[in-house]
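# Any chance you can model this:
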Amino acid sequence: MNIAVKVQAADAAAEIAAMPLEKLNPARAERFYNDTIWPVFERLRREDPVHFTPQSEFGPYWSVTRWNDIMAVDTNHEAFSSAEGIGLPNLEAMAEQERVLGERRRGNAGFITMDEPDHSRGRKAVSPTLAPANLHAMSPLVRERAGQILDSLPVGKEFDWVDLVSKELTAMTLATLFDFPFEQRRKLPWWSDMIMNLPGHGPVESWQQKAEAVFECFNAFHALWNERVNGPPGNDLISMLAHNPDTRDMDMETYQGNVILLIVGGNDTTRNTISGSVVALNRYPEQYAKLRADSGLVLPMISETIRWQTPLAHMSRVATRDVELGGKTIRKGERVVMWYISGNRDETMVENPNDYIIDRLRPRQHMSFGFGIHRCVGNRVAEMQLTIIWEEILKRFPEIRVVGDPVLNYSAFVHGYESLPVIIPRRN
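Model prediction:
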């Protein structure tokens, strides 16, 4: 971390410490972009773990920042509903999006925004594709493609790790899961970026461009649906949805929502953990030395990265009735944000939570995949990809060296990297 970044972090911490609690808006995207969010959550966990923000670009909302309170919300799907969306909706962005899209809506967010019993029917439809036996069968292909990616990297020259490795591996895996045309695989992470970013951030230049990208995505997946629903059953995600009796008759808005869920979920989590692991191992070189000395630490290192990085910073729910939580009354209809990124740094649950320690006694103790009925359906896919890429990295390269500051996402939802400059040193 250079001096300018340290000064910025110190200034942000002083500003946050002096701010009246009621003025704290944890979802300010610029704090995530500048990596100055941590003092906000430290203060809220300490002083106001169930915190109400009365005014913001997202409207009023509650923030839940401690592990046990997050768990209480996440596992109580009767009192906290997903049906009105899982993220914090930026009100201005929603209005602008509605203006540009008009009657051509972008779809809902699929089964992740459904409550029971609809949620389980949608989840079960795609689960066979993501089951251990299917992943085991797919892993040799993922390993072969991971090796091809790594063998193509420019040794001794600076390059963007996010572009050449993180995006490419997730694009390859997603193309395999969807049985999507492999030569067009890079459209998948590009569509994810277009869906998740606002104009001026990531690749999004305007609302019109964003709308055109969304409809291009939907048109491509409508074609896949028509192909699969009229063909023999297959093991890919689209075939599973098209041939399952609980999902084959879903309306196209729900299908579009499921497409968004599977593209974004399959892209952002894995991609940002791949990049985050390189950042963390460079920031904690003693941990990198442990990993190089013992490749058996790959899987616990991945779990620790998923905790330390927290690739999706939050999920949200809406209260279906008045609920008491942490001495506060959350009223029916109010939005509640579960800050996984804060729960993963809860000092009462994780020892030395701000440190990156790849041989923790309980490496899987994190909340990045969520809990209850909405626990991430693709968590094993993510772990499979991450395990393979790091096993193949350790076979080839003694070091991946970060040579500049990463550029972070401008988002309070996707917590990750736009770019990461690295060099693979030449062997002596």
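
# Show the residue spans covered by the helices in the stretch 1-150 of the chain.
Taking DSSP state H, counting those that start in this stretch as the criterion, the stretch 1-150 of the chain carries its helices at 3-18, 29-33, 38-47, 67-74, 91-101, 118-126, 132-151.

# Just the CA atoms of stretch 223-232, as PDB, please.
Provided in PDB are the C-alpha atoms of stretch 223-232 (Å, rounded to 0.1, in the frame of the first residue of the first chain):
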ATOM      1  CA  ALA A 223     -32.100 -19.100 -28.600                       C
ATOM      2  CA  LEU A 224     -30.400 -21.600 -26.300                       C
ATOM      3  CA  TRP A 225     -33.700 -22.200 -24.500                       C
ATOM      4  CA  ASN A 226     -35.600 -22.900 -27.800                       C
ATOM      5  CA  GLU A 227     -32.800 -25.200 -28.900                       C
ATOM      6  CA  ARG A 228     -32.700 -27.200 -25.600                       C
ATOM      7  CA  VAL A 229     -36.400 -27.300 -24.900                       C
ATOM      8  CA  ASN A 230     -37.000 -28.900 -28.300                       C
ATOM      9  CA  GLY A 231     -34.000 -31.200 -28.000                       C
ATOM     10  CA  PRO A 232     -33.100 -34.200 -25.900                       C
END
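
# Listing request: residues of the chain with sub-threshold pLDDT.
By pLDDT under 70, the low-scoring segments of the chain are 1-7, 100-131, 372-378, 428.

# What spatial separation is found between His222 and Gly265?
20 Å (CB to CB, to the nearest Å). In short, each C-beta sits where N, CA and C put it, glycine included.

# which of those two has more neighbours?
The residue with more neighbours, out of His222 and Gly265, is Gly265; 21 against 14, by other CB atoms under 10 Å.

# and the more buried one, that one's in a helix?
Yes. Under DSSP: H, G, I helix; E, B strand; the rest coil, Gly265 sits within a helix.

# Tyr417 versus Tyr288, what's the distance?
Tyr288 is 18 Å from Tyr417, by CB to CB.

# How about Ala95?
Relative to Tyr417, and taking CB to CB, Ala95 is found at 29 Å.

# And Lys167, by the same measure?
10 Å.

# do Phe397 as well
In terms of CB to CB, Phe397 sits 19 Å off from Tyr417.

# of those two, who's got more company?
Per other CB under 10 Å, whichever of Phe397 and Tyr417 has more neighbours is Tyr417, with 23 against 16.

# Identify the residue nearest the more buried one in space, chain neighbours excluded?
The shortest distance from Tyr417 to any non-neighbouring residue, by CB to CB, 6 or more residues apart in numbering, is to Ser275 (4.3 Å).

# Just give the number of residues close to that neighbour.
Number of residues near Ser275 (other CB under 10 Å) recorded here: 27.

# Please apply the same query to the one 4 residues further on.
Residue crowding around Val279 was assessed by other CB under 10 Å; the count is 22.

# Just confirm it contacts Gly404, I think it does.
No. Val279 is beyond contact range of Gly404, at 11.3 Å (criterion: CB atoms under 8 Å).

# Show me what Tyr417 bridges to in the sheet.
On the basis of DSSP bridges, Tyr417 is bridged to Leu408.

# what's the answer for the one 4 residues further on, then?
Using DSSP bridges, the beta-bridge partners of Pro421 come out as Asp160.

# surely it meets Lys157?
No. Between Pro421 and Lys157 there is no contact under CB under 8 Å: 10.8 Å.

# The two: which has the busier surroundings?
Neighbour count, other CB under 10 Å: between Pro421 and Lys157, Pro421 has more, with 16 against 9.

# Who are the contact partners of that one?
By CB atoms under 8 Å, 6 or more residues apart in numbering, the contact set of Pro421 is 158-161, 402-404, 406.

# Can you select the buried ones among the residues you listed for me in PyMOL?
A single PyMOL command selects the buried members of the contacts of Pro421 (16 or more other CB atoms under 10 Å):
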select buried, resi 159+160+161+402+406
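
# From the contacts of Pro421, pick the one nearest Glu84.
Pro406 (33.3 Å; CB to CB).

# Pretty sure the closest one sits against His415.
No. Here Pro406 does not reach His415: they are 11.9 Å apart, not a contact under CB under 8 Å.
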